[in-house]
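# Predicted coordinates and the sequence they were generated for:
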Amino acid sequence: MAPPLSFPLLLLTLIIFSSTTFSSSQATKTSQIITRDLYKSIFLHKDDSACPANHFYGYSAFIKATKRFPSFGNSGSLATRKREIAAFLAQISHETTGGWATAPDGPYSWGLCYKEEISPGSSYCDSTDLQWPCYPNKTYHGRGPIQLSWNFNYGPAGKALGFDGLKTPELVSNSSVTAFKTALWFWMTEQKPKPSCHDVMTGKYKPTAADLAANRTAGYGLVTNIINGGLECGIVSDARVNDRIGYFQRYAKLFKVDTGPNLDCESQKSF
């Protein structure tokens, strides 16, 4: 039998044990970082009758979808994890917004209002993409939280998630869990030369020489560049970019975390 621990050694042991226990407790689930109540406070109006997607983007569907991507909201410090989740929710809120300048509770309380693109201008079929050929009579317009668009996104998203994205693209607007999964797939997947949004928001992104030359620096603005830089970046005070930032700033406050630097992409060249 070992001799009893002296008081200083016992104290040190307790401190180490306490510290280990604390570190273990930081490995919280996404559902503990964004609780059902917090989700409700973020999306105050998503289930209003004025929103075509009312009752589609439920909390349970979101949490179930995150389990398909265990690294989402689970990389880095607690602040980093909160910031990534806030950034993701802000971007999908802009993509699905039903808000307006004088909307009740402000324009940034109306995310997840739509599940399909309004009046798409085309079928979003790139016929030159032979790897992901369009299926007859199917359209690949924006659907779901990230407004997944084009056959070259529906195809690989479906393959990764276990459904035929080219043959059944409508599944993205018919299944809440699938809809969230496609948004998370886009967020988590590197599409060279673009890094993944996840890597950018968790500090894993390392700019290439081309990125540096294009002034593409880490931050929320680079995420916007990844999602829709060809239309929104390199423009001074673009209203769409500012809307994305407005959502992020509101959500960061609700998560009690700072937004980090480089919120816009007005000085960045698109990919």
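Ah, there it is.

# Which helix or which strand is home to R68?
Assigned by DSSP states H and E, R68 belongs to neither a helix nor a strand.

# check contacts around it.
R68 makes contacts with 161, 181, 184, as judged by CB atoms under 8 Å, 6 or more residues apart in numbering. Any C-beta I mention is one placed from the backbone N, CA and C, and that applies to glycine too.

# Domains in the protein, by residue range?
As given by the TED database, the domain ranges for the chain are 29-114+190-270, 117-175.

# Now render the ones you listed as TSV, adding mean pLDDT.
Formatted as TSV, those follow (pLDDT from 0 to 100):
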stretch	mean pLDDT
domain 29-114+190-270	98
domain 117-175	98
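
# quick revisit: give me the subset of the contacts of R68 that lies in helices.
Judged by DSSP state H, helices contain the following of the contacts of R68: 161, 181, 184.

# for the last one, what are its contacts?
So that's L184. 65-66, 68-69, 72, 88.

# Please, where are all the helices along the stretch 1-150 of the chain?
Applying DSSP state H, counting those that start in this stretch to the stretch 1-150 of the chain gives helices spanning 7-26, 30-33, 36-42, 59-66, 78-95.

# Same question for the helix or strand hosting G155: list its buried residues.
When elements are assigned from DSSP H and E, G155 belongs to helix 151-161. Across helix 151-161, burial judged by 16 or more other CB atoms under 10 Å covers 151-158, 161.

# Of these, just say which sits nearest to S173.
Nearest to S173 out of those is Y154 (CB to CB; 11.7 Å).

# Identify the residue spatially nearest to that closest one, adjacent ones excluded.
Distances taken as CB to CB, 6 or more residues apart in numbering place G165 nearest to Y154, at 3.7 Å, with adjacent residues excluded.

# number of nearby residues for Q268?
As a burial measure, Q268 scores 22 neighbours (other CB atoms under 10 Å).

# give me every residue that touches it.
214-217, 221-222, 225, 229, 233-234.

# same thing but at 6 Å, please
215-216, 225, 233 (CB atoms under 6 Å, 6 or more residues apart in numbering).

# Please apply the same query to E95.
Per CB under 6 Å, 6+ apart, neighbours of E95: 146-147.

# repeat that with 10 Å
Going by CB atoms under 10 Å, 6 or more residues apart in numbering, E95 touches 111-112, 114, 117, 142, 144-148, 183, 227-228, 244, 247.

# May I ask which of the residues you listed has the most neighbours?
Counting by other CB under 10 Å, top hit in the contacts of E95: P145 with 31 neighbours.

# Quick check: that residue touching A90?
No - here P145 lies out of contact with A90, judged by CB atoms under 10 Å, at a distance of 11.3 Å.

# Quick check: the two most widely separated of the contacts of L184?
Greatest spatial distance among these (CB to CB): R68 and F88, at 13.9 Å.
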